[in-house]
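S.K.: just the structure for this:
(one chain, ligands or ions: 1)
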Amino acid sequence: MKIANRMRRQLLATVGIMAGALAMPMVALAQAPIVIKFSHVVADQTPKGQGALKFKELAEKKFPGRVTVQVFPSSQLFGDGKELEALLLGDVQLIAPSLSKFDRYTKKIQVFDLPFLFDDIAAVDAFQAGPKGQELLGSMVNRGLRGLGYWHNGMKQMSTNQDKLVRPEDVKNLKFRIQASDVLEAQFRALNASPQKMSFSEVYQGLQTGVVDGQENTWSNIYSQKFFEVQKTIAETNHGVIDYMVVTNAKWWDGLPADIRKGLGEAMVQATAHANKLANDFNEADRKKIAEAGKAKIQKLSKEDVAVWRKSMEPVWKKFEGDIGRDLIDAALKSNK
Ligand code: LMR
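M.R.: Below you'll find the model as predicted:
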């Protein structure tokens with residue numbers, strides 16, 4: 001009897017210790033917040049910068065103590081040459097690269113880089129919201145990337161360290177910094193210029209030291225990166241678009257608790273609306289600030305000038321039509337009103 005009692009006590013004690021040992025990490029797990037690192041390359045005071053901060057605010061408000069979002073702007077954590085790899089390795093959970101930076105993962109996304117395809121951001125928005133644009137969000141899942149939404153920046157302008165920038169002949173033999181995109185490379189080759197792929201964080205210095213003569217970007221980026229201080233002329237070409245896809249690591253996202261995934265998806269929809277509402281205002285205000293600073297001249301272009309730029313860049317479409325698909329190009333064209 002005594003022996004049986006002792007064994008029972010011992011058994012209960014053992015079970016108790018085991019239960020405690022099992023429960024402890026579960027309690028610890030339940031309490032540890034999910035940390036989301038959101039890395040990007042632009043300044044806080046830009047459409048993307050503000051979108052990222054809005055997402056943080058909304059996500060943390062929805063899940064107090066359960067979700068923490070850390071935003072790293074200005075290539076502080078990873079530059080644009082590394083951020084996609086970092087996402088796939090799980091070193092960050094959210095990034096929003098420009099649509100020009102995905103061509104290693106899907107050729108179709110190159111549609112956004114075709115010069116003079118979209119008339120304006122309203123057309124880009126309509127295409128992104130349509131079936132073809134939505135399809136592209138899921139087009140890299142097999143490569144581990146899930147698109148959560150599109151964020152706008154704006155139309156691209158071209159700038160150089162030259163006094164004259166009106167027609168394509170003015171960029172002949174000039175060196176241009178481009179994003180990592182084969183379409184953009186072909187675009188500058190079509191202009192008889194010399195394109196160089198370069199990370200965003202290196203552009204200012206590249207322009208300042210003359211490693212490159214020019215670049216193409218939105219007013220918001222030209223202002224916030226101070227490119228206007230090291231360029232002589234910015235021509236209002238509006239020849240292409242810089243927009244973003246917010247992407248996450250598909251495996252990480254699919255492994256989130258269902259309620260958190262749903263809530264973060266809702267926060268992303270709201271942050272997207274917020275960023276997209278701001279984009280146009282940022283670009284208009286930053287254009288004005290550049291004009292007021294009086295450092296670089298803003299060159300307006302006539303309809304005839306724009307037509308000549310368009311004609312010079314036309315061969316790019318033919319070159320990439322096969323990779324992109326005529327259906328995507330037609331859908332994009334249809335979005336122009
Ligand atoms: C660039 O690399 O020029 C820009 O696309 C950077 C950005 O994210 O806006």
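
S.K.: burial measure for the one residue in the stretch 151-300 of the chain that gets nearest to the ligand, as a count.
M.R.: Nearest residue of the stretch 151-300 of the chain to the ligand (CB to the nearest ligand atom) works out as Phe200 at 3.6 Å. C-beta here means a position set from N, CA and C on the backbone, and glycine is covered the same way. Other residues lying near Phe200 total 23 when counted by other CB atoms under 10 Å.

S.K.: kindly report the same for Asn192.
M.R.: Asn192: 13 surrounding residues under other CB under 10 Å.

S.K.: how close does it get to Leu87?
M.R.: 36 Å (CB to CB, to the nearest Å).

S.K.: next one: Asp243
M.R.: Asp243 is 18 Å from Leu87, where distance means CB to CB.

S.K.: ok, Phe127 next?
M.R.: Distance, Phe127 to Leu87, by CB to CB: 25 Å.

S.K.: dump the C-alpha coordinates for the single longest strand found in the chain into PDB.
M.R.: With secondary structure taken from DSSP state E, the chain has its longest strand at strand 145-155. Taking C-alpha atoms only, strand 145-155 is exported to PDB below (Å, rounded to 0.1, in the frame of the first residue of the first chain):
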ATOM      1  CA  LEU A 145       7.000  35.800 -53.400                       C
ATOM      2  CA  ARG A 146       3.400  36.900 -52.700                       C
ATOM      3  CA  GLY A 147       2.200  40.300 -53.900                       C
ATOM      4  CA  LEU A 148      -0.100  42.000 -51.400                       C
ATOM      5  CA  GLY A 149      -0.900  45.100 -53.400                       C
ATOM      6  CA  TYR A 150       0.400  47.900 -55.600                       C
ATOM      7  CA  TRP A 151       1.500  51.300 -54.300                       C
ATOM      8  CA  HIS A 152       1.800  54.300 -56.500                       C
ATOM      9  CA  ASN A 153       4.700  56.700 -56.900                       C
ATOM     10  CA  GLY A 154       4.300  58.500 -60.200                       C
ATOM     11  CA  MET A 155       5.500  59.100 -63.700                       C
END
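
S.K.: that strand - what's its average pLDDT?
M.R.: What strand 145-155 shows for mean pLDDT is 98.

S.K.: which residues sit in contact with the closest residue to Lys107 other than its chain neighbours?
M.R.: Spatial nearest neighbour of Lys107, excluding adjacent residues (CB to CB, 6 or more residues apart in numbering): Asp323 at 4.0 Å. Going by CB atoms under 8 Å, 6 or more residues apart in numbering, Asp323 touches 107-108, 110.

S.K.: export the residues you listed as TSV, with columns for secondary structure, pLDDT and neighbour count.
M.R.: Listed next are the contacts of Asp323 as TSV, based on DSSP: H, G, I helix; E, B strand; the rest coil; pLDDT from 0 to 100; neighbours: other CB atoms under 10 Å:
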residue	secondary structure	pLDDT	neighbour count
Lys107	coil	96	17
Lys108	helix	97	19
Gln110	helix	98	23
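
S.K.: out of those residues, who's nearest the ligand?
M.R.: Gln110 (14.6 Å).

S.K.: wait, the closest one sits on Asp103?
M.R.: Yes - between Gln110 and Asp103 there is a contact under CB atoms under 8 Å: 5.4 Å.

S.K.: overlap of the contact sets of the two?
M.R.: Here Gln110 and Asp103 share the contacting residues 181-183, scored by CB under 8 Å, 6+ apart.

S.K.: from Met198, how far out is the residue nearest to Lys107?
M.R.: 23 Å.

S.K.: the residue nearest to Phe282 when sequence neighbours are not counted: how many residues sit nearby?
M.R.: In space, Phe282 comes closest to Ser220 once its chain neighbours are excluded; the distance is 4.6 Å by CB to CB, 6+ apart. For Ser220, the number of neighbouring residues by other CB under 10 Å comes to 28.

S.K.: right, and Ser220 touches Thr46 too?
M.R.: Yes - counting by CB under 8 Å, Ser220 touches Thr46, with 5.1 Å between them.

S.K.: mutual contacts of these two, please.
M.R.: Shared contacts of Ser220 and Thr46, defined by CB under 8 Å, 6+ apart, are found at 153, 282.

S.K.: after the helix or strand harbouring Gln270, next one along is what?
M.R.: Assigned by DSSP states H and E, Gln270 belongs to helix 258-293. Sequence-wise, the next helix or strand downstream of helix 258-293 (DSSP H and E) is strand 297-299.

S.K.: what residues does that next one touch?
M.R.: The contact list for strand 297-299 (CB under 8 Å, 6+ apart) reads 163, 165-166, 232-236, 287, 290-291.

S.K.: what about 10 Å?
M.R.: Identification of contacts with strand 297-299 by CB atoms under 10 Å, 6 or more residues apart in numbering yields 157-160, 163-166, 170, 219, 228, 231-237, 287-288, 290-291, 305.

S.K.: packing partners of the helix or strand that that strand is followed by?
M.R.: Reading on from strand 297-299 to the C-terminus, the next helix or strand found by DSSP H and E is helix 303-313. In terms of contacts (3 or more CB pairs under 10 Å, 6 or more residues apart in numbering; DSSP states H and E), helix 303-313 is packed against helix 182-190, strand 233-235.

S.K.: how far off centre is the longest one?
M.R.: It refers to helix 182-190. Centre-to-centre, helix 182-190 and its host chain are 20 Å apart (CA atoms, centre = their mean, to the nearest Å).
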